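Asks: Sequence and computational prediction follow.
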Amino acid sequence: MPPTTLLLAAPRGFCAGVDRAVLIVEKALESYGAPVYVRHEIVHNTHVVESLRREGAVFVEDETVVPEGAVVVFSAHGSPPEAFANSKRLGHSLIDATCPLVTKVHNEARRFAEADMDIVLIGHEGHQEVIGTMGQAPRSIRLVETPDDVDALEYDHDANIAYITQTTLSMDETSAVVGRLRERFPMLHQPKKDDICYATQNRQDAVKDLAGACDVILVVGSQTSSNSKRLVEVSRDRGTPAHLIDSAADIDEAWVRDATTVGLTSGASAPEVLVEGVIDWFRDRGLQKVRTVTTVEEDVEFAMPSVLTRRLQGSGASSTDGSGSSAPSASARART
């Protein structure tokens, strides 16, 4: 028998930063024509990357392999300063798709470094966002992931230290690390506003709301997506089994065979079409009831980079977002 009910988390899916980044690549292809080179995956979702690749985007990990004078978009995760310097030297037409919330963390890192502070970055080693953030002040930043990492820091008790965080972590994940930092360093400085992305927190809160009402939760997102993996962990931490899937094709029927109520959400880089595919998978098996559980409404929008806006206006290409505005913006495309 199929589950009785499928509960859809809201918000879910694309955040404003991801929406903006994908739109930047689409509009760059429209304005400049293919190929448009993209430094790193524009967002961490296999479906999105493959779709843009079919349209003419070329994804590279190193901007120095991009031909001189070519169009290159830097991904939403942020890039270190030397990457921008390399593109400038090669005469690239550079479009920066870094999420504004990541840019905020970069600015904090530089400000703390200019104030001669040591900086502790809470994040996951090797993640593209962490690489970009550490590049803002490489001599000043030390990376930690756990409270034990804090204990290993070789700073004096009264050191002038500030902390910043990777935007796609969870509040639950960082609280223990921040707590240990405060214990060790009473003079600890913190960002003026929390670094955890609003969309990351909202999606985690939505999963918390679902967890108590569901037998199992499915999270649509790629294995490379940090925020998607956090959603799985949030559910499991509350005792509700959860599984990360790229699409409906990844569902194991054994996961839901004995479930009465299944929860469904998606990471901030997962397009809604993949969620719709999962809903269809359940309906094909006889599911009748689909209900949305709304935790909070999102209305965040980010403007497009001015260099691309000017290009679109100058070429006569469409630069509206459906509202008649001549300056494109992007907002989360999550369905509620």
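Replies: That came through fine. Numbering: from 1, shown residues only.
Asks: Restrict the one helix or strand residue 204 maps to to CA atoms and write it as PDB.
Replies: Taking DSSP states H and E as the definition, residue 204 sits inside helix 198-211. Presented in PDB, the C-alpha positions along helix 198-211 are these (Å, rounded to 0.1, in the frame of the first residue of the first chain):
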ATOM      1  CA  TYR A 198      18.300  32.600   5.900                       C
ATOM      2  CA  ALA A 199      17.200  30.000   3.300                       C
ATOM      3  CA  THR A 200      19.400  27.300   4.900                       C
ATOM      4  CA  GLN A 201      17.800  28.000   8.300                       C
ATOM      5  CA  ASN A 202      14.300  28.200   7.000                       C
ATOM      6  CA  ARG A 203      14.600  24.800   5.200                       C
ATOM      7  CA  GLN A 204      16.000  23.200   8.300                       C
ATOM      8  CA  ASP A 205      13.200  24.600  10.400                       C
ATOM      9  CA  ALA A 206      10.700  23.300   7.900                       C
ATOM     10  CA  VAL A 207      12.200  19.800   8.200                       C
ATOM     11  CA  LYS A 208      12.000  20.100  12.000                       C
ATOM     12  CA  ASP A 209       8.300  20.800  11.600                       C
ATOM     13  CA  LEU A 210       7.900  17.700   9.400                       C
ATOM     14  CA  ALA A 211       9.900  15.300  11.400                       C
END
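Asks: which other residues reach that helix?
Replies: For helix 198-211, contacts defined as Cβ atoms under 8 Å, 6 or more residues apart in numbering pick out 7, 9-12, 15-17, 101, 167-172, 217, 219, 227, 230-231, 234-235, 238-240, 242, 263, 265, 267-268, 293, 295-296, 298, 300, 332. In this view, the C-beta of every residue, glycine as well, is placed from N, C-alpha and C.
Asks: Which members of those occur in strands, if any?
Replies: Among those, the residues falling in strands (DSSP state E) are 7, 9, 10, 217, 219, 242, 263, 265, 293.
Asks: any idea how the chain splits into domains?
Replies: As assigned by automatic domain parsing, the chain contains the domains 5-14+197-294, 16-99+300-330, 101-184.
Asks: What's the mean pLDDT across the second one?
Replies: Averaging the model's pLDDT scores along domain 16-99+300-330 yields 89.
Asks: what would the ones in strands among the contacts of helix 198-211 look like in CSV with pLDDT and neighbour count?
Replies: Listed next are the ones in strands among the contacts of helix 198-211 as CSV, based on pLDDT from 0 to 100; neighbours: other Cβ atoms under 10 Å:
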residue, pLDDT, neighbour count
7, 98, 21
9, 98, 30
10, 97, 21
217, 98, 28
219, 98, 28
242, 98, 23
263, 98, 28
265, 98, 31
293, 97, 16
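Asks: got those as TSV, with distance to residue 70 columns?
Replies: Formatted as TSV, the ones in strands among the contacts of helix 198-211 follow (distance: Cβ to Cβ, whole Å):
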residue	distance to residue 70
7	46
9	40
10	40
217	43
219	36
242	42
263	44
265	38
293	45
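Asks: Residues touching the helix or strand hosting residue 37, excluding its own?
Replies: Using DSSP H and E, the element containing residue 37 is strand 36-39. Applying Cβ under 8 Å, 6+ apart, the external contacts of strand 36-39 come out as 25, 28-29, 52, 56-63, 66, 70-75, 79, 83, 92.
Asks: Show me where the stretch 201-336 of the chain has its helices.
Replies: 226-237, 253-256, 272-283, 306-315 (DSSP state H, counting those that start in this stretch).
Asks: Comparing those helices by mean pLDDT, which bottoms out?
Replies: Least confidently modelled of the helices of the stretch 201-336 of the chain is helix 306-315, at a mean of 87 by mean pLDDT.
Asks: Tell me which other helices or strands it touches.
Replies: Applying 3 or more Cβ pairs under 8 Å, 6 or more residues apart in numbering; DSSP states H and E, one finds that helix 306-315 contacts helix 16-32, strand 93-96.
Asks: Residue 186 is nearest to which of these?
Replies: With Cβ to Cβ as the criterion, residue 186 lies closest to helix 16-32 of the helices and strands packed on helix 306-315, at 34.4 Å.
Asks: Just the angle for that closest one relative to helix 226-237, thanks.
Replies: Per axes from the mean of the first three to the mean of the last three Cα atoms, to 10 degrees, the angle that helix 16-32 makes with helix 226-237 is 150 degrees.
Asks: Report the contact partners of residue 110.
Replies: Residues near residue 110 by Cβ under 8 Å, 6+ apart: 136, 137.
Asks: List phi and psi for it.
Replies: phi -70, psi -40 (degrees, to the nearest 10).
Asks: residues contacting the nearest residue to residue 83 once chain neighbours are set aside?
Replies: Closest residue to residue 83 apart from its sequence neighbours, by Cβ to Cβ, 6 or more residues apart in numbering: residue 63 at 5.3 Å. Going by Cβ under 8 Å, 6+ apart, residue 63 touches 37, 39, 72, 74, 83, 86, 87, 90, 92.
Asks: beta partners of the third one?
Replies: Here residue 72 sits in beta bridges with residue 37, residue 94, going by DSSP bridges.
Asks: Now do it: how many residues are near it, please.
Replies: Residue 72 has 24 neighbouring residues, counting by other Cβ atoms under 10 Å.
Asks: quick one: it and residue 96, what's the gap?
Replies: Look at residue 72 and residue 96: by Cβ to Cβ, to the nearest Å, they are 10 Å apart.
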